[in-house]
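> give the three-dimensional model of this entry:
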Amino acid sequence: MNDYPAASRAPVLMVVHAHPDDESSQTGGTLACYAAAGWRTVLVTCTDGSQGDGGDGVKPGQLGHRPRQVAAQRLGELATAASILGICDLVTLGYPDSGVAGEDDPPLSTEAFSRRPLAPMALRLAEVLRAYRPDVLITYPPNGLSGHPDHIRTHDLVHSALAIAGVAGDEAPAAVPQLYYIALSRSRLASLATQARAELGPEAWLPPESMAIDDAQITTAVDITNYWNVKLAALGAHASQSDAAALLALFTAASRCDGARWFEEYVRVDPPNRRETGFRATSQ
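Predicted coordinates:
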């Protein structure tokens with residue numbers, strides 16, 4: 001799974017996520033769309049997901065939560081989701097999931113992904129970047145989109161690895177990937193809210209408004225309408241996780257609205273660009 005084959009001539013789309021299930025909920029349609037278009041899609045997942053839900057919904061810190069078993073289950077779910085999305089290469093870095101600490105929880109272990117020294121991890125990710133030489137690279141914005149410490153660490157890790165790999169400046173310009181941040185516009189969130197509440201009622205769970213950004217900041221919207229059901233199927237593969245189940249219920253309810261089109265949104269970072277409807281390959 002982590003053997004890096006020689007790069008093909010097909011354009012390469014690489015997405016770097018923090019946890020198993022992030023790939024499906026946030027970029028699943030994009031990955032499926034570009035895989036179907038003949039791109040080589042590479043998913044890098046940084047943590048083992050061990051601080052997710054255990055059997056019967058047992059939460060971290062509760063009696064019966066076994067992180068190793070959770071990690072093994074989530075790795076299997078990740079492999080299933082990757083297959084559904086048509087992902088060509090799955091790279092699992094396997095760092096310990098940081099989880100979300102409560103006010104009364106003890107400090108995070110220094111082994112947790114969000115607390116580990118950045119440099120050794122960046123060297124490892126730089127190796128992956130050199131192996132695949134992505135045309136397009138997608139990860140989280142500086143705030144991690146959701147504020148989760150592992151998402152923020154993933155953002156920092158990608159930037160550090162880019163600098164080490166040399167793909168950010170000291171190789172030929174053609175080797176510089178187009179860098180994008182995952183995003184959600186205010187209008188898209190409002191549309192999702194309207195659709196979900198029509199099906200689930202006014203108390204339907206929705207992503208927090210703090211995740212959304214002004215529409216004017218969005219540079220890239222990928223139309224995933226034809227791959228919406230693929231995205232839902234991949235998200236459904238993460239059946240052990242209550243967060244994934246909540247999102248699946250939300251998306252499924254919203255999709256019952258006739259005529260809806262579905263998009264995944266991004267902000268192009270490097271090099272900056274005007275608005276676009278998708279990614280284009282660079283010659284490498």
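> ok, and for the host helix or strand of Ser160, which residues are buried?
Using DSSP states H and E, Ser160 sits in helix 149-165. In terms of neighbour count (16 or more other CB atoms under 10 Å), helix 149-165 has its buried residues at 149-162, 164-165. The way it works is simple: take the backbone N, C-alpha and C, and place the C-beta from them, glycine included.
> got the end-to-end distance for stretch 99-111?
The first and last residues of stretch 99-111 sit 12 Å apart, counting by CA to CA, to the nearest Å.
> can you check stretch 230-249 too?
End-to-end distance for stretch 230-249, by CA to CA: 15 Å.
> before we move on, the earlier item: which among the buried residues of helix 149-165 gets closest to Thr41?
Nearest to Thr41 among those is Val158, at 16.7 Å by CB to CB.
> which one is that closest one nearest to, not counting chain neighbours?
Leaving aside its chain neighbours, Val158 sits nearest to Thr139 (4.5 Å; criterion: CB to CB, 6 or more residues apart in numbering).
> how about the one you found, what does it touch?
By CB atoms under 8 Å, 6 or more residues apart in numbering, Thr139 lies in contact with Val15, Val16, His17, Thr154, His155, Val158, Leu179, Tyr180, Tyr181, Ile182.
> could you measure from it over to Ala254?
Distance from Thr139 to Ala254, counting by CB to CB, to the nearest Å: 26 Å.
> identify the bridge partners of the residue nearest to Val158.
Tyr181 (DSSP bridges).
> related to what we said a few turns ago, just checking, what packs against the helix holding Ser160?
Packing contacts for helix 149-165, counted by 3 or more CB pairs under 8 Å, 6 or more residues apart in numbering; DSSP states H and E, involve strand 12-17, strand 40-47, helix 118-132, strand 136-139.
> please name the residues that touch the closest residue to Asp56 other than its chain neighbours.
Nearest non-adjacent residue to Asp56, counting by CB to CB, 6+ apart: Gly64, 7.8 Å away. Counting by CB under 8 Å, 6+ apart, Gly64 touches Gly54, Gly55, Asp56, Val58.
> about what we covered before: ranking by neighbours, what's the top pick from the contacts of Thr139?
Thr154 (30 neighbours; other CB atoms under 10 Å).
> so it sits right up against Pro142, yeah?
No - Thr154 is beyond contact range of Pro142, at 10.8 Å (criterion: CB atoms under 8 Å).
> need the contact list for Val267.
Shown in contact with Val267 (CB under 8 Å, 6+ apart): Pro141, Tyr180, Tyr181, Ala183, Ile213, Gln217, Ile218, Thr219, Thr220.
> is it bridged to anything, and to what?
With DSSP bridges as the rule, Val267 is bridged to Tyr181.
> gap between it and Asp215?
11 Å.
> may I have the secondary structure class of the residue of the chain positioned farthest from its centre?
Within the chain, the residue lying farthest from the chain centre (CA atoms, centre = their mean) is Leu63, at 29.7 Å. When classified by DSSP: H, G, I helix; E, B strand; the rest coil, Leu63 comes out as coil.
> which among the contacts of Val267 end up buried?
For the contacts of Val267, buried by 16+ other CB under 10 Å: Pro141, Tyr180, Tyr181, Ala183, Ile213, Ile218, Thr219, Thr220.
> the second one against Pro141, yeah?
No - using CB under 8 Å, Tyr180 makes no contact with Pro141, being 9.7 Å away.
> can you name every helix or strand that the lowest-mean-pLDDT helix or strand in the chain contacts?
Least confident helix or strand of the chain, by mean pLDDT, DSSP states H and E, is helix 186-200 with a mean of 90. Packing contacts for helix 186-200, counted by 3+ CB pairs under 8 Å, 6+ apart, involve helix 242-254.
> okay, angle between the helix it packs on and helix 186-200 too, please.
Interaxial angle of helix 242-254 relative to helix 186-200 (axes from the mean of the first three to the mean of the last three CA atoms, to 10 degrees): 80 degrees.
> and for helix 242-254, what's in contact with it?
21, 24-25, 53, 57, 192, 195-196, 199-200, 204-206, 231-232, 235-236, 238-239, 260.
> from these, list the buried ones, please.
Neighbour-count burial (16+ other CB under 10 Å) applied to the contacts of helix 242-254 gives 21, 24-25, 53, 192, 195-196, 200, 204, 206, 231-232, 235-236, 238.
> so which of those residues are in helices?
Ser24, Ser25, Leu192, Gln195, Ala196, Leu200, Lys231, Leu232, Leu235, Gly236 (DSSP state H).
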